[in-house]
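Colleague: make a model of this:
(one chain, ligands or ions: 1)
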Amino acid sequence: MLSHLKIKLAFLIIGLGLLTSCSNDNITESDNHEISSESERHYLIHFDGDNRKVVTEIDSNYYIYGDVLVDKANVTYVRELHTDDEVYTAIDEVNSFMASEKKMSIALTPGQSNIWSGATLWPNGIVKFHIPEDTFSSQQMSWFKQAADEWNTKTNVTITFVDRTDPGYKIIAEKVKSGCSCTVGYESKIGARNGTMRISDTCDLISFIHEMGHAIGFGHEHQRPKALEYLTFYSEDDYLALHRILLGNGIRNPQVIIKLLKLNLQIESVHNDWPPYEYNSVMHYSSWPRNNQHLKNVMKANDMPLFKNKFTGKEIPRPSYGITPKDADKTNLAYSRFTLEL
Ligand SMILES: [Zn+2]
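Modeller: Sure thing, here's the model as predicted:
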């Protein structure tokens, strides 16, 4: 595939019409496999045209993947899911819809690679962050810079740090008690609030690089439509077995945990499911929940990774490399560093 692509060093500015061709969903994403024991209402929604998702309602807002906020203004259809079975049926419906959608388009169009369909690209590929003073440790400040350098040296995107007074949309970093998360993409609406990157002491350099990937506009590798061809996910029998194991290990509310695991593994819609799948992508989760050590220990002791490499049957380790060549490819296609060799 790469032999057909020519790296163009000159920066190509994409017209604003392309950048704003999809509406923005003001979404926040979490890197922490957030597991909650609260019971909330769930809905199947259609939003941003034909995109669909099973969401959880918390304080009148719709969330996906634990910490992804969906703007209700873009929601066109809502069906409440009253029972766990209704939730599972709706997740199957969403996954099969996403799997069929990937067959619709294979054209490689600059500005339309593996960016979430709900996200918008940053004008001129300049991604702005504001880091408040006296908020983060020197180690964390160093990771902000190293993560930015990683994207800046390997891709055509420019991550830059600006003052709070800098005009226009920017992502403001916040210190939080747990987890690592970030809004996805650029907010193009006039007068929109700024984005947020939430950082806790559990975040490491890979987390910073990963969250910046969300800021640029990417979702998770394991939630691409292509993931269905490369990963083996739990079967219904596996979920039943996990339920029994969790009960036997004194884990509270196993049915809620299983429902949230399923919700976090929904397939996500992307503009174009290119490049080829990559297990080492910095946007890939590992096969184990990260922030719930007890749950992770129980799953590991029972050899029950959430997903496995479909070809080797092996678990997927947490990425350690940083931005891989394919991560760079999809970024550069989205932000038009490549021109297709005709
Ligand atoms: Zn993430």
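Colleague: what ranges does the stretch 1-150 of the chain have for its strands?
Modeller: 5-7, 28-30, 41-47, 51-58, 61-64, 68-70, 75-81, 126-130 (DSSP state E, counting those that start in this stretch).
Colleague: nearest to Thr331, of those strands?
Modeller: strand 126-130 (10.6 Å; CB to CB). Backbone N, C-alpha and C define where each C-beta goes, glycine included.
Colleague: starting at the chain centroid, how far to the closest one?
Modeller: Chain-centre distance of strand 126-130: 18 Å, with CA atoms, centre = their mean, to the nearest Å.
Colleague: in this structure, which residue is closest to the centre?
Modeller: With distances taken as CA atoms, centre = their mean, Gly219 lies nearest the centre of the chain, 2.9 Å away.
Colleague: list the contacts of Tyr230.
Modeller: Contacts for Tyr230 (CB atoms under 8 Å, 6 or more residues apart in numbering) come out as 277, 279, 309-311.
Colleague: out of those, who's nearest the ion?
Modeller: Tyr279 (15.6 Å; CB to the ion).
Colleague: SS state for the closest one?
Modeller: State at Tyr279, reduced to three classes by DSSP: H, G, I helix; E, B strand; the rest coil: coil.
Colleague: nearest spatial neighbour of it, chain-adjacent residues omitted?
Modeller: Ile316 (5.7 Å; CB to CB, 6 or more residues apart in numbering).
Colleague: repeat that for Phe233.
Modeller: Nearest to Phe233 is Phe307, by CB to CB, 6+ apart, at 5.0 Å.
Colleague: the one you found: neighbour count?
Modeller: With neighbours defined by other CB atoms under 10 Å, the count for Phe307 comes to 19.
Colleague: what does Asp204 give?
Modeller: Asp204: 15 neighbours (other CB under 10 Å).
Colleague: just checking, it touches Trp143?
Modeller: Yes - counting by CB atoms under 8 Å, Trp143 is a contact partner of Asp204 at 7.3 Å.
Colleague: overlap in contacts of those two?
Modeller: Joint contacts of Asp204 and Trp143 (CB under 8 Å, 6+ apart) do not exist.
Colleague: any chance you could map the helices in the chain?
Modeller: Ranges of helices within the chain are 16-19, 84-101, 138-154, 205-216, 227-230, 236-248, 254-264, 293-301, 325-334, based on DSSP state H.
Colleague: for these, which one sits closest to the ion?
Modeller: helix 205-216 (5.5 Å).
Colleague: helices and strands of this structure: which one has the lowest mean pLDDT?
Modeller: Using mean pLDDT, DSSP states H and E, helix 16-19 stands out as the lowest-scoring helix or strand of the chain, at a mean of 20.
Colleague: before we move on, back to that, against Asn51, how distant is the residue nearest to Phe233?
Modeller: 23 Å (CB to CB, to the nearest Å).
Colleague: low pLDDT regions in this protein?
Modeller: Along the chain, segments meeting pLDDT under 70 span 1-39, 48-50, 59, 61, 65-71, 73-74, 98-113, 117-118, 188-192, 337-342.
Colleague: sorry, back to before: can you pick the most crowded of the contacts of Tyr230?
Modeller: Tallying neighbours with other CB under 10 Å puts Tyr277 at the head of the contacts of Tyr230, with 19 neighbours.
Colleague: pretty sure that residue contacts Arg224?
Modeller: Yes - with contact defined as CB under 8 Å, Tyr277 reaches Arg224; the gap is 6.9 Å.
Colleague: all set now, cheers.
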